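K.L.:
3D model of this:
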Amino acid sequence: MKETVGFVGLGNMGLPMAQNLLKAGYSLQVFNRTSSKAESLLQQGASRAFSPRAVAEQVTVVISMVADDEALEAVALGEEGILAGLALGGIHVDISTVFPDTSKKLSELYPERGVHFVAAPVFGTLEMAAAARLFICPAGPAEIIDRCRPLFDAMGQVFIVAVEEPHLANVLKLVGNFFLMSLNETFSEAFTWQRKLVWRVSKSLNWSNYFCLVPLPRGMLLVSPDMNSPYQTSPLGWRSRTSVIREGWLIKWLRLYRWQIWAIAICLQLWLADVGSWTRRHW
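P.N.:
Residues are numbered from 1 along each chain as shown. Have a look, this model is predicted:
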C-alpha cells in the first residue's frame, strides 16, 4: 500500500483527480466544504476529515484544488487551515488557478513553519482529468517536486517543471490560458470570415482536432471544424466536442489577467515593432 495523501477540494476537477490517486493505490484523507461531494470517494475507500487542518495532521502531502484565491487562503491559512496542521517537512501542493501573488504569499509563509509550498496548476479538460491526461506544471524546490513526482504521474500525462519559485507556475498557467484563448478567438474569427465568403471550413482547413469558441447566450461552446465527428451539432453546424464553458470561468480568467496587463502591453509593443520592421523590409 502506498502512502496516505490529503486532498482538499472535490469540485469538477478535484474529484476525478482524487479518484485517480485512489486508482493508483494511494490512500486518501479528503475534505470538501460541501461534504456530500466526498461520498463517491468514501465508497472507494477514502477517509473524510472535517477540516483542512485535520487532513494535514494525518499526512505528509496535501493537494488542494479550489475555485479561486479566496478559497485557497481559506483552506491554507487560519487555525483550521492546512498550514496549521502540517508537520515539520510537510508539503502543500496547490493545483488551483490563482493569482501569482497568492502563491507568492503562501510560499513565503510556509518556510517559516518548516514546511513546503508547491504551486502546480494544470492544463486540461474535465475529460482529461478523469483520464489522468492533464498537463501539470509544478514550481518549487527541486527535491520537493521530485518527492511529489509519483503523485503527478498518477494525475497527468505530462509533467512540466517550471522553476523553483512557486508563483511563476501560476504565471505560466495564465500565459498559457491567454495564448489558448487568443488562438481560439483568432481561428473563430477566421472561420466566420470564411463562412461569410461561402467557403467550407472543412475543405480549406483539415484540422479535425482543433477546438474553437462559439459565443452562446449562457457561455461559450467548444467546437471543432470536423464535419464527420459524431458529436452534437452547434448552431454554426459544427460538432460540439465538450460542454459549455461557463460564463463564470471566463470571468475568472479575465479577472486573473488584470494583474498582467502591463506584460500584455509590453508583448503587444514588441509585436507591433516586429510587424513594423517586417513591413518596412517588404513594402
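
K.L.:
now the strands for the stretch 101-250 of the chain?
P.N.:
In the stretch 101-250 of the chain, the segments counted as strands under DSSP state E, counting those that start in this stretch are 116-119, 122-123, 134-136, 156-159, 212-216, 219-224, 239-246.

K.L.:
list the buried residues of stretch 14-28.
P.N.:
Neighbour-count burial for stretch 14-28 flags 14-22, 26-28 (criterion: 16 or more other Cβ atoms under 10 Å). Quick note: C-beta positions are derived from backbone N, CA and C, even for glycine.

K.L.:
take those residues and keep only those in strands.
P.N.:
Taking DSSP state E as the definition of strands, these contribute 27-28.

K.L.:
list just the nearest of the buried residues of stretch 14-28 to residue 135.
P.N.:
Using Cβ to Cβ, residue 17 comes nearest to residue 135 of these, at 12.8 Å.

K.L.:
how about that closest one, nearest residue that isn't a chain neighbour?
P.N.:
residue 155 (4.9 Å; Cβ to Cβ, 6 or more residues apart in numbering).

K.L.:
with residue 149 instead?
P.N.:
residue 159 is the one closest to residue 149 (Cβ to Cβ, 6+ apart), at 6.9 Å.

K.L.:
which secondary structure element of the protein has the lowest mean pLDDT?
P.N.:
strand 239-246 (a mean of 41; mean pLDDT, DSSP states H and E).

K.L.:
so what's the closest residue to residue 64 other than its chain neighbours bridging to?
P.N.:
Leaving aside its sequence neighbours, residue 64 sits nearest to residue 8 (Cβ to Cβ, 6+ apart; 4.4 Å). As for beta bridges, residue 8 partners with residue 31, residue 64 under DSSP bridges.

K.L.:
just the pLDDT for residue 8.
P.N.:
Note on residue 8: pLDDT of 98.

K.L.:
what is the burial count for it?
P.N.:
Other residues near residue 8 number 29, with proximity taken as other Cβ atoms under 10 Å.

K.L.:
next one: it from residue 95, what distance?
P.N.:
11 Å (Cβ to Cβ, to the nearest Å).

K.L.:
neighbours around residue 81, how many?
P.N.:
Neighbours around residue 81, by other Cβ under 10 Å: 19.

K.L.:
angles on the backbone of it, please.
P.N.:
Dihedral pair for residue 81: phi -90, psi 170, per degrees, to the nearest 10.

K.L.:
now it. Nearest residue, chain neighbours left out?
P.N.:
Sequence neighbours aside, residue 52 is the residue nearest to residue 81 in space, at 5.4 Å (criterion: Cβ to Cβ, 6+ apart).

K.L.:
surely residue 97 touches residue 119?
P.N.:
No. Look at residue 97 against residue 119 with Cβ atoms under 8 Å: they stay out of range, at 10.1 Å.

K.L.:
ok, the two, which is more surrounded?
P.N.:
residue 119 (30 against 23).

K.L.:
per-residue pLDDT, the more buried one?
P.N.:
At residue 119, the model reports a pLDDT of 97.

K.L.:
got it, and residue 145?
P.N.:
So, for residue 145, pLDDT stands at 94.

K.L.:
for it, the count of nearby residues, please.
P.N.:
21.
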